[in-house]
Structure formats: structure tokens, C-alpha cells
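1. no sequence on this one, just coordinates:
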């Protein structure tokens with residue numbers, strides 16, 4: 001059996017190395033390291049793939065979230081609602097901009113932001129909602145957009161883990177790529193992402209022409225004309241080499257996502273026989289979840305023991321996420337009460353992520369699932 005890895009980027013690279021190497025060589029030959037032709041070509045390709053009017057590449061996914069909020073003109077003290085159970089970058093940028101983070105619980109069935117939690121958290125100071133499409137599963141955008149429209153709120157999609165996922169609108173069955181539904185979306189191209197480069201990278205998506213114009217200035221020191229600084233900006237550009245890698249990988253994204261979905265099907269089928277394991281449900285179409293991570297819940301209190309057992313057997317695994325944001329020192333606040341987060345507090349004691357990537361094979365999945373079932 002091939003060595004197990006949480007993410008197998010080397011095997012993935014071996015299959016596309018000619019395309020990737022050619023893109024990188026083009027940048028080296030032309031020395032167009034910043035804002036070169038490959039950046040603009042990748043931007044156009046991604047706009048077409050997502051069906052969105054504007055893609056603005058930037059340096060990383062955290063910058064993408066921050067710049068999206070800057071572009072919307074949010075002011076210090078404005079309240080921004082987001083999920084308690086997610087990576088810290090989501091709330092980090094809210095705090096950096098001196099906005100007020102408002103953390104709410106998540107839904108136990110999909111681990112995405114609770115719709116009831118959003119409703120309860122809205123105050124006259126609320127200006128935006130940041131749904132996170134956690135682990136690759138689309139959040140309930142019908143309900144979120146309905147709330148946003150009712151209260152005149154911005155929706156900023158944190159799409160760092162779900163690029164390529166489709167959301168099916170409940171009202172008419174129309175499909176739309178996640179990240180393009182709210183007023184603005186942000187994604188990360190960190191190497192382990194479903195569409196990852198070989199360093200840091202990110203992008204912002206919007207269908208709003210005026211917002212796109214503002215964001216294009218922000219990512220480049222507030223300049224639209226060289227040395228004319230019209231808005232307060234930052235230095236956050238996707239470099240040409242990373243754009244070249246992404247341009248080479250983008251045509252494979254749907255294949256990569258289908259490989260992840262197929263691996264998830266095999267995992268969940270194996271775990272369905274054990275009542276002590278909650279595994280993600282996978283619909284027939286399986287286009288609303290692209291499985292950036294494959295996360296199960298261990299229901300009999302043996303999660304920590306399982307973590308040690310798998311690691312001892314050479315099976316990579318991880319806990320995403322071990323500490324709720326409301327319990328983190330940086331984001332603790334007297335406004336939060338433990339009883340406000342029953343689902344998150346339960347999840348942090350139950351979740352465990354298993355290897356998930358495009359190169360998983362049948363033998364590896366059987367070995368992993370057998371080990372989990374044996375211990376649990």
C-alpha cells in the first residue's frame with residue numbers, strides 16, 4: 001500500500017507536471033513575476049468556470065476576506081455575524097478591521113452556521129453575515145439571503161474550503177457556484193485546498209461592478225493609476241508563478257472534486273454500519289459538498305483515543321477544530337455564554353478528520369476504515 005498522507009500533493013503533481021512546469025517556465029522566461037499575463041488568464045478562466053462577473057486575485061485567503069470587508073465600507077463597531085465553529089481567519093479579519101464579531105452556533109447536521117442563530121443575533125448594529133461553507137459543504141444560502149434581504153445586510157461568503165461546489169436554489173432548482181451567491185465571496189488557494197497553488201494565494205468574487213472596482217484598487221495599494229492612491233489599500237497580489245500553477249490545475253478541478261466525493265462515498269458506506277460513528281450523508285448528485293475535509297463524529301466518547309490509535313498505525317488524522325472561537329483567548333467576550341453554543345461545544349469533542357485528497361485509492365480507504373471500525 002502507498003504511504004498514507006492527509007493530502008498527497010506529490011502524486012497529484014506527477015500527473016500534471018508537464019502542464020504546471022510549462023506555466024512556471026513561461027513566467028521565468030518572460031520575467032513577468034507580478035501581474036503578468038498568466039494572472040489575467042487565470043482570472044478570466046476562473047470567472048468563466050464560476051459564472052461570476054469579477055474575480056480579483058490576491059495574496060491569500062485571509063486577505064481575500066479582509067479586502068472584501070474593506071470594499072463593502074464596513075466601519076469600526078459594525079457587527080458581523082459568523083460561525084463559532086470554523087478556522088480563526090474568518091473572525092480574525094473582522095477583529096483586525098475593528099468590527100465587532102458576533103459568533104453563533106452551528107447546525108449539527110451539516111456543521112454550517114445556524115439559521116436560527118443568525119436570526120437571534122441580529123441587532124440594529126448588524127451589517128453583515130459571513131457564512132462559511134465548512135469542509136466543502138454549501139451552507140443554507142436560501143435562508144441566509146432571505147435574512148440578508150429582510151434586514152438589508154451584506155453577505156460575505158467564506159468559500160476557502162468549497163470552491164467548485166454547486167448550490168441548488170430551493171425556490172427554482174437553479175444551480176449556482178458557492179462563493180458567487182452573496183454580495184461578495186472569498187477563497188483561498190493554499191496548497192491543500194481543492195484548487196491549490198504551490199504557495200499562498202486567494203481571490204475575491206463578486207457580480208457587483210462598483211464593488212469590484214473598489215476591491216481592485218484595495219489589493220494594489222489603493223491605486224488605479226500608478227502613484228495615484230484613491231482608496232486606502234493593501235499590498236495583496238497573486239504572483240504570476242502561483243497564477244500559472246492555478247491556471248494549469250483549474251481544468252482538473254471538477255475531476256478532483258469528483259475523486260474526493262467518490263472517496264467520501266466509500267468512507268461513509270463503511271461507517272454506516274456502526275451506530276457510534278456519524279458520517280456525512282452524500283446525495284446522489286453530490287454537487288453541494290466537495291469534501292475539502294472528510295470529517296466524522298465519534299459518538300461514544302472515544303474520539304481522543306481514536307486519534308492516538310490511528311496515529312500509532314501511521315494513519316494521518318486531525319481535529320478540525322479543537323477549540324471553539326468563543327473560547328479562544330483572542331476572541332473571548334463576556335457577551336458569550338456557554339449555553340449559546342451547545343452544538344459547537346459538542347462537535348469539538350467528537351470530530352475527527354481522515355485523509356482526504358484526489359489520490360486516495362481503494363486499498364488505502366479500506367485500511368483506514370477498518371482501523372476506525374476496529375477501535376470504535
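-> Thanks, I have the structure now. Please read all numbers here as calculations on a predicted model, not as lab measurements.

2. low pLDDT regions in the stretch 101-250 of the chain?
-> The model of the stretch 101-250 of the chain has no residue with pLDDT under 70.

3. what segments of it are helices?
-> Under the criterion DSSP state H, counting those that start in this stretch, helices of the stretch 101-250 of the chain are mapped to 115-121, 141-151, 209-218, 240-249.

4. ditto for the stretch 251-376 of the chain
-> 253-271, 303-312, 342-347, 362-375.

5. save those as JSON lines, and put in distance to residue 203, mean pLDDT and mean neighbour count too.
-> Using the backbone N, CA and C atoms, a C-beta is placed for each residue, glycine as well. Below are these laid out as JSON lines (distance: least, Cβ to Cβ, whole Å; pLDDT from 0 to 100; neighbours: other Cβ atoms under 10 Å):
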{"stretch": "helix 253-271", "distance to residue 203": "13", "mean pLDDT": "97", "mean neighbour count": "18"}
{"stretch": "helix 303-312", "distance to residue 203": "34", "mean pLDDT": "98", "mean neighbour count": "15"}
{"stretch": "helix 342-347", "distance to residue 203": "28", "mean pLDDT": "98", "mean neighbour count": "18"}
{"stretch": "helix 362-375", "distance to residue 203": "32", "mean pLDDT": "98", "mean neighbour count": "16"}
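
6. export those as a markdown table, with columns for distance to residue 180.
-> Listed next are the helices of the stretch 251-376 of the chain as a markdown table, based on distance: least, Cβ to Cβ, whole Å:
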| stretch | distance to residue 180 |
| --- | --- |
| helix 253-271 | 15 |
| helix 303-312 | 35 |
| helix 342-347 | 27 |
| helix 362-375 | 32 |
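
7. out of these, which comes closest to residue 31?
-> helix 253-271 (28.4 Å; Cβ to Cβ).

8. report all helices and strands that the closest one contacts.
-> strand 294-298, helix 362-375 (3 or more Cβ pairs under 8 Å, 6 or more residues apart in numbering; DSSP states H and E).

9. and those: which comes nearest residue 318?
-> Among the helices and strands packed on helix 253-271, strand 294-298 sits nearest to residue 318 (Cβ to Cβ), with 9.4 Å.

10. one step back: mind putting the helices and strands packed on helix 253-271 into a markdown table with distance to residue 350?
-> Output for the helices and strands packed on helix 253-271, formatted as a markdown table (distance: least, Cβ to Cβ, whole Å):
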| stretch | distance to residue 350 |
| --- | --- |
| strand 294-298 | 4 |
| helix 362-375 | 14 |
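
11. out of those, which comes closest to residue 340?
-> strand 294-298 (20.5 Å).

12. related to what we said a few turns ago, nearest to residue 336, out of the helices and strands packed on helix 253-271?
-> Proximity to residue 336, assessed across the helices and strands packed on helix 253-271 by Cβ to Cβ, is greatest for strand 294-298 (23.0 Å).

13. so how far is that closest one off the chain centroid?
-> 17 Å (Cα atoms, centre = their mean, to the nearest Å).

14. which strands or helices does it pack on?
-> Going by 3+ Cβ pairs under 8 Å, 6+ apart, strand 294-298 lies up against helix 253-271, strand 277-278, strand 351-354.

15. switch to 10 Å and redo it
-> Helices and strands touching strand 294-298, by 3 or more Cβ pairs under 10 Å, 6 or more residues apart in numbering; DSSP states H and E, are helix 253-271, strand 277-278, helix 303-312, helix 342-347, strand 351-354, helix 362-375.

16. turn these into JSON lines, including distance to residue 111.
-> Formatted as JSON lines, the helices and strands packed on strand 294-298 follow (distance: least, Cβ to Cβ, whole Å):
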{"stretch": "helix 253-271", "distance to residue 111": "14"}
{"stretch": "strand 277-278", "distance to residue 111": "10"}
{"stretch": "helix 303-312", "distance to residue 111": "15"}
{"stretch": "helix 342-347", "distance to residue 111": "7"}
{"stretch": "strand 351-354", "distance to residue 111": "8"}
{"stretch": "helix 362-375", "distance to residue 111": "19"}
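
17. closest one to residue 48 among these?
-> That would be helix 253-271 among these, by Cβ to Cβ, at 12.3 Å.

18. thinking again about what came up before, right, so of the helices and strands packed on helix 253-271, which gets closest to residue 2?
-> Nearest of those (Cβ to Cβ): helix 362-375, 6.7 Å.

19. relative to strand 294-298, how tilted is the closest one?
-> Between the axes of helix 362-375 and strand 294-298, defined by axes from the mean of the first three to the mean of the last three Cα atoms, to 10 degrees, the angle is 20 degrees.

20. packing partners of helix 362-375?
-> So helix 362-375, by 3+ Cβ pairs under 10 Å, 6+ apart, packs with helix 253-271, strand 277-278, strand 294-298, helix 303-312, strand 351-354.

21. pLDDT of the helix ranked longest in the chain, averaged?
-> As assigned by DSSP state H, the longest helix anywhere in the chain is helix 9-30. For helix 9-30, mean pLDDT rounds to 97.

22. okay, angle between the helix or strand following it and helix 253-271 too, please.
-> Once the chain leaves helix 9-30, the next helix or strand it forms, by DSSP states H and E, is helix 37-50. Interaxial angle of helix 37-50 relative to helix 253-271 (the same axes, to 10 degrees): 50 degrees.

23. my guess is residue 294 meets residue 262, correct?
-> No: the pair residue 294 and residue 262 does not pass the contact test of Cβ atoms under 10 Å, sitting 11.5 Å apart.

24. ok, residue 228 touching residue 220?
-> No: using Cβ under 10 Å as the test, residue 228 is too far from residue 220 to be in contact (11.2 Å).

25. thank you kindly, that will do.
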